[in-house]
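In: Here's my sequence, what's the structure:
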Amino acid sequence: MIEILYPWMLASIFIPFITYRYLAKATRTANNSALKVPFFTQLTHIFANHRVGEKDNKLSGLKYLLIFIWLLIVVSASGIQLLGKPLAIPQSGRDLMMAVDLSGSMETPDMTINGQRISRIDMVKQVGGQFINNRVGDRLGLILFGSRPYLQTPLTFDRKTVAEMLNDASLGIAGPQTAIGDAIGLAVKRLIDYPSKSKALILLTDGGNNTGSLEPLDAAELAKQAGIKIYTIGIGATSMEVPSLFGSRNVNPSADLDIDSLQKIAAITGGEFFRAEDGAQLQNIYAIINQLEPVKSDAITVRPVTPIYPWTLGLALILSFVLIAFKIGIKRHAK
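Out: Numbering: from 1, shown residues only. As a prediction, this is how the structure comes out:
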């Protein structure tokens, strides 16, 4: 199927012909008022030679070439393009933002995964990267927060970039404290303008809100009004052996985790609260979130478009060089 974006441009095809006709009429009018030479025909025969007819033929050919170049230029300007067969692209997925705590306590090495003890942030990077790569069809974004929240990656379908940004995150770059309310507020700000009916925030933290200008529950109310579900994940083991003067003692490294607030945030927005005490539990949590049914929308129909102007304009350029070369050759031959 052929589509013309600017059909009115085709009317300019007649501009040279109208101009030529007007100039020819003006020339005839001027000739009628000019001084007539009765023996002009005889002079023409006297000074004419065989090369004049040859030159006239070449000029006539160049005239048609010039007309063809003009037609190619007009066709190029009219935006003629070829439309392929309609293709239906089903739309599904979520607008999903991840907010990851980068406060100093995320360095605590109380997590185990595959039999190895690692820090909380390393576990989040490892398991979170796998989760990101599995969210095919989702638009993902990444917020890093400590004393302040920062948008590390805006919503994008480029899952590889989001995973790399998470893997490159460094502890302390956002400050030593934990601004959960501000992180939720930034997520709401970034998600609110998207029309999707399936917007969600995954909030990972190992502490409680101890700084920032926005209270977590107030931020949760804003998220609820914007139609954003929040899935909160509390990270950290409940028991850890630490060295002391008398050998070792058992402590709770997650004493600062505000489970009550995280549960309320999830409840307000219609999400869920999860507790991850090791790598296996975090993997299971991500598996549960990964099974959330995406909101399906009507398929978008697209048609492949092939513009023809590169070919017509390129041909017009080549013929223009040919026209110039012929013109130069005629002038040299005339001399």
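
In: So if we follow the domain assignment, how does this structure break up?
Out: Structural domains assigned to the chain are 2-28+50-85+303-334, 90-299, following automatic domain parsing.

In: low pLDDT regions in the stretch 101-250 of the chain?
Out: Low-confidence segments of the stretch 101-250 of the chain, defined by pLDDT under 70: 196, 242-247, 249.

In: in the stretch 201-335 of the chain, which spans are helices?
Out: Shown for the stretch 201-335 of the chain, the helices assigned by DSSP state H, counting those that start in this stretch span residues 216-225, 259-269, 279-290, 309-334.

In: Could you name the helices and strands sitting against the first one?
Out: Taking 3 or more Cβ pairs under 8 Å, 6 or more residues apart in numbering; DSSP states H and E as contact, the helices and strands that helix 216-225 lies on are helix 180-191, strand 228-235, helix 259-269. Where C-beta positions appear, they are placed from N, C-alpha and C, glycine not excepted.

In: Comparing the domains of the chain, which comes out most buried?
Out: Counting by mean count of other Cβ atoms under 10 Å, domain 90-299 has the highest mean neighbour count of the domains of the chain, with a mean of 18.

In: chain center to it: distance?
Out: 25 Å (Cα atoms, centre = their mean, to the nearest Å).

In: which non-adjacent residue is nearest E277?
Out: A237 (5.0 Å; Cβ to Cβ, 6 or more residues apart in numbering).

In: go on, F274?
Out: Spatial nearest neighbour of F274, excluding adjacent residues (Cβ to Cβ, 6+ apart): I285 at 4.3 Å.

In: hmm, back to that, mind giving me TSV with the helices of the stretch 201-335 of the chain and columns for distance to A169?
Out: Below are the helices of the stretch 201-335 of the chain laid out as TSV (distance: least, Cβ to Cβ, whole Å):
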stretch	distance to A169
helix 216-225	21
helix 259-269	21
helix 279-290	16
helix 309-334	44
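
In: and the helices and strands packed on helix 216-225 as JSON lines, adding distance to T205?
Out: Listed next are those as JSON lines, based on distance: least, Cβ to Cβ, whole Å:
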{"stretch": "helix 180-191", "distance to T205": "6"}
{"stretch": "strand 228-235", "distance to T205": "7"}
{"stretch": "helix 259-269", "distance to T205": "7"}
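
In: between the ones you listed, which one is nearest to S320?
Out: Within the helices and strands packed on helix 216-225, the stretch nearest S320 is helix 180-191; the backing value is 51.1 Å (Cβ to Cβ).

In: Show me what that closest one is packed up against.
Out: Using 3+ Cβ pairs under 8 Å, 6+ apart, helix 180-191 sits against strand 95-101, strand 139-145, strand 149-156, strand 199-205, helix 216-225, strand 228-235, helix 259-269.

In: Turn the ones you listed into a markdown table, including distance to K327.
Out: Listed next are the helices and strands packed on helix 180-191 as a markdown table, based on distance: least, Cβ to Cβ, whole Å:
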| stretch | distance to K327 |
| --- | --- |
| strand 95-101 | 61 |
| strand 139-145 | 57 |
| strand 149-156 | 54 |
| strand 199-205 | 65 |
| helix 216-225 | 72 |
| strand 228-235 | 69 |
| helix 259-269 | 75 |
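
In: Cool, thanks, talk later.
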